[in-house]
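Chemist: dropping a prediction and its sequence here:
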Amino acid sequence: MSEPSADLILDRVIHEPGRLAILTVLSSVNNADFVFLQRTTRLTKGNLSSHLTKLEEAGLVKIQKRFVHKKPNTNVALTAHGKQRIAQHWDQLERLKNLSKTTDQQ
Amino acid sequence: MQQTDLETAAAKYSYLRGLFFVPLGVLFILAALANWEVGPLRHTWAFPVAALAVAAACLPIGRYYNEHYGRLSPSVRQQIRGGVAVLIALAVMIGASLLLRSRADWSLDLPVNATAVTFALVMLISYGIGIGLKAHHVIIWGIVLVAGALPVWNGADPSNIGLVIAGIAVIVTGVFDHRLFVHTFGSAKILGPEDGDVRTQR
């Protein structure tokens, strides 16, 4: 069996559904807080927290802990690297989709 | 949520926080009542005070949305889109109201309610650019547009009635927007403010 093209190998850090949802939401904003991400991704707080930690470790998001009106608030934004990677990932998924269509037609 | 839903969540968050529209609609109606010099609103100080009270009512609404649904800073793209919508809305509001019924030489001076018509157009354009028109936007503002464009507004300047119509339509739109907001992001009860920020609690 031949080696799969590098173009077809998905980055598992990004491709996991929860993390893909988080990165996709963050790609449409400058930054968002934990509650907004929880609302949009419908992840539990434990899952969201764990995914954010993984994304931060991978250098895809930057996390800022702050206080807003004396209440703790976690603000999350994509890093430049994260912006590039999520855009590439969606392009890659699009290419895979097109490839699958082409294969079906043959 | 699907990819498109995730990508448009921020725009929906910004546009569909409909509870803000309730005090705004009340403000429009109060402005009309002040123009008619009804009750205590006949005093010159009354409307600014009422406007301040309405602005104060927005504070708990903002707090409700922030605590239950989170905070975000829109992308540059979304800010530009919002800016374009505002510019187009202003141009339509000024241009259409002067064209339809005004003292300008080039005004068509039609027997229409220019306030209702221009406001309906502005709302339809800004929602159309921002998040795409939803059924309730088309129905509510379509009715206002048609009502304002009917050639029955002869006689005295109908601007104040237009303000009342717009105010009621803004309130109704706000209620429906908020329902859609809750449908999109879930009930406020699902996530209390104390539940929100687990990372800082660990």
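Modeler: It's in. If you're wondering where the values come from, they're calculated on a predicted model, not measured in any experiment.
Chemist: could you use CA atoms for every contact and neighbour count after this?
Modeler: OK.
Chemist: as a whole number, average confidence for the longest helix seen in chain A?
Modeler: Scanning chain A for the longest helix, with DSSP state H as the assignment, gives helix A:80-105. Looking at helix A:80-105 alone, the average pLDDT works out to 86.
Chemist: and that helix, what does it pack against?
Modeler: On a contact count with 3 or more CA pairs under 8 Å, 6 or more residues apart in numbering or on different chains; DSSP states H and E, helix A:80-105 meets helix A:12-15, helix A:17-27.
Chemist: buried ones in that helix?
Modeler: Residues A:Gly82, A:Lys83, A:Arg85, A:Ile86, A:His89, A:Gln92, A:Leu93, A:Leu96 are the ones in helix A:80-105 that count as buried (16 or more other CA atoms under 10 Å in any protein chain shown).
Chemist: follow-up on the earlier one: rebuild the helices and strands packed on helix A:80-105 as TSV, extending it with mean pLDDT and mean neighbour count.
Modeler: Formatted as TSV, those follow (pLDDT from 0 to 100; neighbours: other CA atoms under 10 Å in any protein chain shown):
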stretch	mean pLDDT	mean neighbour count
helix A:12-15	88	16
helix A:17-27	94	22
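Chemist: where does chain B have low pLDDT?
Modeler: With pLDDT under 70 as the threshold, chain B has low-confidence stretches at B:1, B:190-202.
Chemist: 50 instead, please
Modeler: Low-confidence regions of chain B, defined here as pLDDT under 50, cover residues B:193-194, B:199-202.
Chemist: can you give me the strands for it?
Modeler: With DSSP state E applied, chain B shows strands at B:72-74, listed in chain order.
Chemist: quick one, helices of it?
Modeler: Under the criterion DSSP H, chain B carries helices at the ranges B:3-15, B:21-35, B:46-69, B:76-100, B:114-130, B:135-149, B:159-185, B:198-201.
Chemist: alpha carbons of the second one, as PDB, please.
Modeler: The one in question is helix B:21-35. As requested, the backbone C-alpha atoms of helix B:21-35 are provided in PDB (Å, rounded to 0.1, in the frame of the first residue of the first chain):
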ATOM      1  CA  PHE B  21     -34.800  46.500  21.500                       C
ATOM      2  CA  VAL B  22     -37.500  46.700  24.100                       C
ATOM      3  CA  PRO B  23     -36.200  49.900  25.800                       C
ATOM      4  CA  LEU B  24     -35.200  51.300  22.400                       C
ATOM      5  CA  GLY B  25     -38.800  50.900  21.100                       C
ATOM      6  CA  VAL B  26     -40.100  52.500  24.300                       C
ATOM      7  CA  LEU B  27     -37.800  55.400  23.600                       C
ATOM      8  CA  PHE B  28     -39.300  55.900  20.100                       C
ATOM      9  CA  ILE B  29     -42.800  55.900  21.500                       C
ATOM     10  CA  LEU B  30     -41.800  58.400  24.300                       C
ATOM     11  CA  ALA B  31     -40.200  60.600  21.600                       C
ATOM     12  CA  ALA B  32     -43.500  60.700  19.800                       C
ATOM     13  CA  LEU B  33     -45.400  61.400  23.000                       C
ATOM     14  CA  ALA B  34     -43.000  64.200  23.800                       C
ATOM     15  CA  ASN B  35     -43.500  65.700  20.400                       C
END
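Chemist: by contact count, what packs against it?
Modeler: The elements that helix B:21-35 packs onto, with contact taken as 3+ CA pairs under 8 Å, 6+ apart, are helix B:46-69, helix B:159-185.
Chemist: again with the fourth one
Modeler: Counting contacts by 3+ CA pairs under 8 Å, 6+ apart, helix B:76-100 packs against helix B:114-130.
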